[in-house]
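J.: Give me a model of this one.
(one chain, ligands or ions: 1)
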Amino acid sequence: MENSVDKRSRWRGSLLAGAIGDALGAKTEFDSIDRIREIAGPAGITDFIPAYGGVGRITDDTQMTLFTLEGLIRAHVALRLTGDIEVGYFLQLAYQRWLHTQGVPWDRARGPKDDSVQPDGRLVTNRELYSRRAPGLTCFGELEAYGKTGVRGTIDRPINNSKGCGGVMRAAPVALWTDDPSQVFAVAAESSALTHGHPSGYLSSGTFAVIVHHLLDGRSLPDAVDAAKAILVRWPGHAEQLPALDQAFALAEQGSPTPEKVESLGQGNVGETALSMSVYVALTTEDPNSALLASVNHSGDSDSTGSVCGNLVGAMYGEQALRESWLDRLELREVIEGVADDALAEFGPDAPTGDQWSVRYPAH
Ligand SMILES: [Mg+2]
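T.: Alright, predicted model coming up:
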């Protein structure tokens, strides 16, 4: 049945379900499951809970995922024009634009290599994105530092020793970057190494993006994880991510997810468990909507596991399987769908040209 879903539906589904999971967990990031049951009732979270002034509001996880995607589109536009680009630089600048939406003036956010007076492109000209939604301190701090120094974190020159989930939570769009899974892994790892220098902070992203990449092609989750693990083991520093995934598969043999089982894998606040908890939930559910609920009902980093798990199950089941009452109330739905479609156009066989496209996605 999964194979009858087309790639566009899987791709849009991945981004939309990620945002829904983020919004479902927005209110209860790090609340204990007991506290969640107090707030939402004995069944835990079953629907959006008002957060950040409304229902269906997304958080930094979705904001940054959108900027990852915009950075990739702009990098690809530049690649078509010049034939040679450094994708990490485009991702860095995309995150600097996100930093500006968080209230940092552009002349302090843009970094010393950029002398533009105003940030440009599709996302940053959308005022709806100008809102702080409990941004991760590591991301915020390292991007602020880049704004001062222009020094980019890389895998070879780690910027810190953080393995927070702020890298993996924004990495799903890299799935679309190329047909070569090893390159998907490398670019996703690089995207996270901009802010997270510990291997579990960036190898989780590489693994995650490769899993999504294969899910978009209609492969099963166990197949997709196996293919990603085969790449992961070639990278130094995989000693945490690899067993975390194996633990998820072992626990999945015990049937349906419960909050207690989910949190037995971790808190989801670090890269390797944000991914393993999300994979576990996706393995043990049969539709994206129950997966989304299971992914936020635990004592850990609910919005991030909701976001990462949503990216997985949206790609597995497609957008048409997502609960309409969630889609209808999801903040930024049109922006998410619009940028998702733009990405399919840019990465498709007939990439757009012309002035309008280069205003939306400038090649820098
Ligand atoms: Mg968040």
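J.: Stretch 41-60 near the ion anywhere?
T.: Yes - Stretch 41-60 lies in contact with the ion when judged by C-beta under 5 Å from the ion; the contacting residues are Thr59, Asp60. C-beta: built from backbone N, CA, C; applies to glycine.
J.: helix/strand/coil for Ile85?
T.: Each residue gets one of three states, and Ile85 gets coil by DSSP: H, G, I helix; E, B strand; the rest coil.
J.: Tally up the residues packed near it, please.
T.: Ile85: 18 surrounding residues under other C-beta atoms under 10 Å.
J.: And for Pro236?
T.: Here the count is done by other C-beta under 10 Å, and Pro236 has 8 residues near it.
J.: now swap in Ala75 and tell me
T.: With neighbours defined by other C-beta under 10 Å, the count for Ala75 comes to 25.
J.: Run through the residues that contact the closest residue to it other than its chain neighbours.
T.: The shortest distance from Ala75 to any non-neighbouring residue, by C-beta to C-beta, 6 or more residues apart in numbering, is to Phe90 (3.7 Å). Neighbouring residues of Phe90 by C-beta atoms under 8 Å, 6 or more residues apart in numbering: Gly71, Leu72, Arg74, Ala75, Ala78.
J.: Can you name the helix or strand that Phe90 falls in?
T.: helix 87-101 (DSSP states H and E).
J.: how about that helix, does it reach the ion?
T.: No - using C-beta under 5 Å from the ion, helix 87-101 never reaches the ion; the gap is at least 12.5 Å.
J.: From the chain's centroid, how far away is that helix?
T.: In this view, helix 87-101 has its centroid 15 Å away from the chain centroid, taken as C-alpha atoms, centre = their mean, to the nearest Å.
J.: Give me the buried positions along the very next helix or strand once past that helix.
T.: Taking DSSP H and E as the definition, the helix or strand that follows helix 87-101 towards the C-terminus is helix 106-109. Within helix 106-109, the residues that qualify as buried are Trp106, Ala109, counting by 16 or more other C-beta atoms under 10 Å.
J.: residues in contact with helix 106-109?
T.: Residues beyond helix 106-109 that count as contacts (C-beta under 8 Å, 6+ apart) turn out to be Gln96, Arg97, Leu99, His100, Ser116, Val117, Gln118, Pro119, Leu143, Glu144, Gly147, Lys148.
J.: what does the model give the second one for pLDDT?
T.: pLDDT, Arg97: 98.
J.: List the contacts of it.
T.: Applying C-beta under 8 Å, 6+ apart to Arg97 gives the contacts Phe67, Glu70, Ala109, Pro119, Gly121, Leu123, Val124.
J.: Next to the ion, which bits of the stretch 51-200 of the chain? Give me the list.
T.: Residues of the stretch 51-200 of the chain found near the ion, taking C-beta under 5 Å from the ion as the criterion, are Thr59, Asp60, Asp61.
J.: dump the residue contacts of Val77.
T.: Under the criterion of C-beta under 8 Å, 6+ apart, the contact list for Val77 reads Glu346, Ala351, Trp357, Ser358, Tyr361, Pro362, Ala363.
J.: coming back round to it: which of the contacts of Phe90 has the most neighbours?
T.: When neighbours are counted by other C-beta under 10 Å, Gly71 leads those with 28 neighbours.
J.: quick one: it and Thr28, what's the gap?
T.: According to C-beta to C-beta, to the nearest Å, Gly71 stands 30 Å off from Thr28.
J.: do Leu176 as well
T.: Plainly put, Leu176 is 30 Å away from Thr28 if you go by C-beta to C-beta.
J.: CA atoms only: put the helix or strand hosting Pro243 into PDB for me.
T.: Assigning secondary structure by DSSP H and E places Pro243 in helix 241-252. Output for helix 241-252, consisting of C-alpha atoms alone and laid out as PDB, is shown next (Å, rounded to 0.1, in the frame of the first residue of the first chain):
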ATOM      1  CA  GLN A 241      23.900   6.500  17.200                       C
ATOM      2  CA  LEU A 242      24.300   2.900  16.000                       C
ATOM      3  CA  PRO A 243      23.300   1.200  19.300                       C
ATOM      4  CA  ALA A 244      20.500   3.700  19.900                       C
ATOM      5  CA  LEU A 245      18.900   2.600  16.600                       C
ATOM      6  CA  ASP A 246      19.400  -1.100  17.500                       C
ATOM      7  CA  GLN A 247      17.700  -0.400  20.800                       C
ATOM      8  CA  ALA A 248      14.700   1.100  19.000                       C
ATOM      9  CA  PHE A 249      14.300  -2.000  16.800                       C
ATOM     10  CA  ALA A 250      14.700  -4.300  19.900                       C
ATOM     11  CA  LEU A 251      12.000  -2.400  21.800                       C
ATOM     12  CA  ALA A 252       9.700  -2.400  18.700                       C
END
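J.: hmm, who's touching it?
T.: Under the contact criterion C-beta under 8 Å, 6+ apart, helix 241-252 has outside partners 199-200, 203-204, 207, 222, 225, 229, 232-233, 261, 264-266, 271-273, 275-277, 279-280, 283-284.
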